[in-house]
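A.B. asks: have a look at this fold, sequence not included:
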């Protein structure tokens, strides 16, 4: 486990709970979750299907309001912000990667990667230049003008990674980023994520059902019955 005392805190949550309404009853998915994510940290969140892993990730990223508790990103109380300011905080501080890439099919890889910069009103030429730089970093400079339908599964996920990193976020939240890939491609994408975590200095939080990948992260936490448990450190 990392010594977080000497590292800046990027995201932290305290006493987070989440209850969903299903018909006549309430279903508690998260219960009193407290978590600190340090700068440059690699953290895996594991647990059985339906345990609340993805819900926690969305709460940490400012996408899903908790029923109880607080979340801070870079020291800002996320859910005390209005919708506009919360969106600005996400755009500047958080990058998202999903199992299914969610690329816009009518745009090229370059245009997809540039989109978060254009949303924050970056000049178009600068946004495209930054997108090209990050695409080159993930090995896709030669595919920049191709649309998602012309890319392989691994290439689409690399494009999604570039889109998440183009804003130079403090933290990347990845929800089963290799879950839709074959083993070989999954290993390549996972290795790239860890390499970019080190090179860009961003934190990496990954939800995964793949325990082999989780064991290769620096720290692992498990969600069970809505509660978070710290896993023992795995020897390097």
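C.D. replies: Perfect, thanks for sending it. Keep in mind that this is a model prediction, so the values were computed, not measured.
A.B. asks: any weak-confidence spans in this protein?
C.D. replies: 1-7, 180, 231-236 (pLDDT under 70).
A.B. asks: what's the longest helix in this structure?
C.D. replies: In the chain, taking DSSP state H as the definition, the longest helix is helix 183-200.
A.B. asks: could you pull out the buried residues of that helix?
C.D. replies: 185-186, 188-190, 192-194, 196-197, 200 (16 or more other Cβ atoms under 10 Å). Any C-beta I mention is one placed from the backbone N, CA and C, and that applies to glycine too.
A.B. asks: return the distance of it from the chain's centre.
C.D. replies: 13 Å (Cα atoms, centre = their mean, to the nearest Å).
A.B. asks: who are the packing partners of it?
C.D. replies: Under the contact criterion of 3 or more Cβ pairs under 8 Å, 6 or more residues apart in numbering; DSSP states H and E, helix 183-200 touches helix 153-165, strand 171-175, strand 203-207.
A.B. asks: quick check: angle from the second one to helix 183-200?
C.D. replies: Angle between the axes of strand 171-175 and helix 183-200 is 170 degrees (criterion: axes from the mean of the first three to the mean of the last three Cα atoms, to 10 degrees).
A.B. asks: ok, strand 171-175: who's next to it in the sheet?
C.D. replies: strand 94-98 (parallel), strand 203-207 (parallel) (DSSP bridges).
A.B. asks: contacts only, for the residue most central in space within the chain.
C.D. replies: Among the residues of the chain, the one closest to the centroid is residue 173, at 1.1 Å (Cα atoms, centre = their mean). If a contact means Cβ atoms under 8 Å, 6 or more residues apart in numbering, then residue 173 has 57, 60-61, 94-97, 205 as its contacts.
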